[in-house]
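Student: how would this look folded up:
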Amino acid sequence: MTSSPLAGEFSVELSGRVIRHYRYAEERMMRTMGGWIALTAELPAKLVLGRHVWDCAQHADLWGRRLPELRAAAQKSEPPNEAFVRFMDLLERPEDRDQTVERLVGVYRVLKPHLVAAYERHLERANPVYEPPTRRILERVIPEERRHVAAGLQVIARLGESPRVAEWTRRLADALAEAGGVTGDGTSPALVTIDVDGVNTAGDLVALDSAFDVTKVEPDLRGRVEAHGRALIEGDAAGIAADVAPDARDAVLGAYARLPRGANATEIVGCARLGAQRVVKTRLSGPPGSVVIQQRWQRDGAAWRVVAADVVGAERPA
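Tutor: Below is the predicted model:
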């Protein structure tokens, strides 16, 4: 891997190959996160993904622009092997609306910490005389990726985890280890804990306090939400329509048309403030299982009206 102590460990050819691997990881992660934004209902998660997509695009561009200086084609991405492609395929898999935490875990607990470790190892080995451009890129992306990890972990902690998350983390780590990591040589650990103490995430986290809390429902809104839930259970079309803002009626009723039949109970499970609106999660349950609806309510004069609704989770009975 080396030519001489003065030149350092990275030949021009090796540097180009490794940077193509980095660009593949950053580019594909950018595309994956961008696609998840529309699937993610929880506002803190949606916004942190949106902010970090831009940074990932910048990182991919930096690596792509470095390549011609290494006698390689510009802006070219290349996975280290097919196993790394399979790892990325696996990371992309959680697409259900109730899999937000799995999506975040794949990026912020597995892939990004691994990239930080790989980048730091590269920076330690990169020759300061012959490789200052690569070192400058690493010195920029390492703190940004570390900040991403810190912000993502805070959002995960706020959303909470289910027992399935530990198994999902293990599956991803195993797949990444099988690939030998982002460089394919197994030199950086697949699952690594990054020290994020003292990392400033103020610019990354927006609406973190909008996490759902059932105690945030105002009494008059609670009454409307509960009555609306009963109307959904009873199939009271007129009552349902009366609670929905006229300009949102088609979209909201379209979302309700996807609800399974047979629910016999309704329960408010969370509420978050979003400006003048309230984002309310309601669970409908019965013999077919349970489904969670996320509605946005807004005052229309003295009354609360539904201005948006979506089905964000469903569970079948064991």
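Student: What sits closest to R147 if chain neighbours are left out?
Tutor: Of all residues not flanking R147 in the chain, V199 sits nearest, at 5.4 Å (C-beta to C-beta, 6 or more residues apart in numbering). C-beta: built from backbone N, CA, C; applies to glycine.
Student: Does that neighbour lie in a helix or a strand, and which?
Tutor: Using DSSP states H and E, V199 sits within no helix or strand.
Student: What is the neighbour count of it?
Tutor: The tally of other residues near V199 (other C-beta atoms under 10 Å) stands at 17.
Student: contacting residues for it?
Tutor: Residues in contact with V199 (C-beta atoms under 8 Å, 6 or more residues apart in numbering) are 146-147, 150.
Student: Helices - which of the residues you listed land there?
Tutor: Among these, DSSP state H puts 146-147, 150 in helices.
Student: a markdown table for the residues you listed, including distance to I194 and neighbour count?
Tutor: A markdown table is the format used below for the ones in helices among the contacts of V199 (distance: C-beta to C-beta, whole Å; neighbours: other C-beta atoms under 10 Å):
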| residue | distance to I194 | neighbour count |
| --- | --- | --- |
| R146 | 6 | 20 |
| R147 | 10 | 20 |
| A150 | 8 | 20 |
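Student: if I look at the residue most central in space within the chain, how far off is T193?
Tutor: For the chain, the residue nearest the mean C-alpha position is L104 (3.9 Å; C-alpha atoms, centre = their mean). Plainly put, L104 is 16 Å away from T193 if you go by C-beta to C-beta, to the nearest Å.
Student: swap in P219?
Tutor: On the measure of C-beta to C-beta, P219 and T193 end up 44 Å apart.
Student: Tell me which of those two has more neighbours.
Tutor: Using other C-beta under 10 Å, the more surrounded residue of P219 and T193 is T193, with 11 against 6.
Student: In space, what's closest to the more buried one - neighbours in sequence excluded?
Tutor: Nearest non-adjacent residue to T193, counting by C-beta to C-beta, 6+ apart: P113, 6.9 Å away.
Student: follow-up on the earlier one: rebuild the ones in helices among the contacts of V199 as CSV, extending it with distance to L67.
Tutor: Formatted as CSV, the ones in helices among the contacts of V199 follow (distance: C-beta to C-beta, whole Å):
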residue, distance to L67
R146, 24
R147, 25
A150, 30
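Student: G34 reaches V53, doesn't it?
Tutor: Yes - judged on C-beta atoms under 8 Å, G34 makes contact with V53 at a distance of 4.9 Å.
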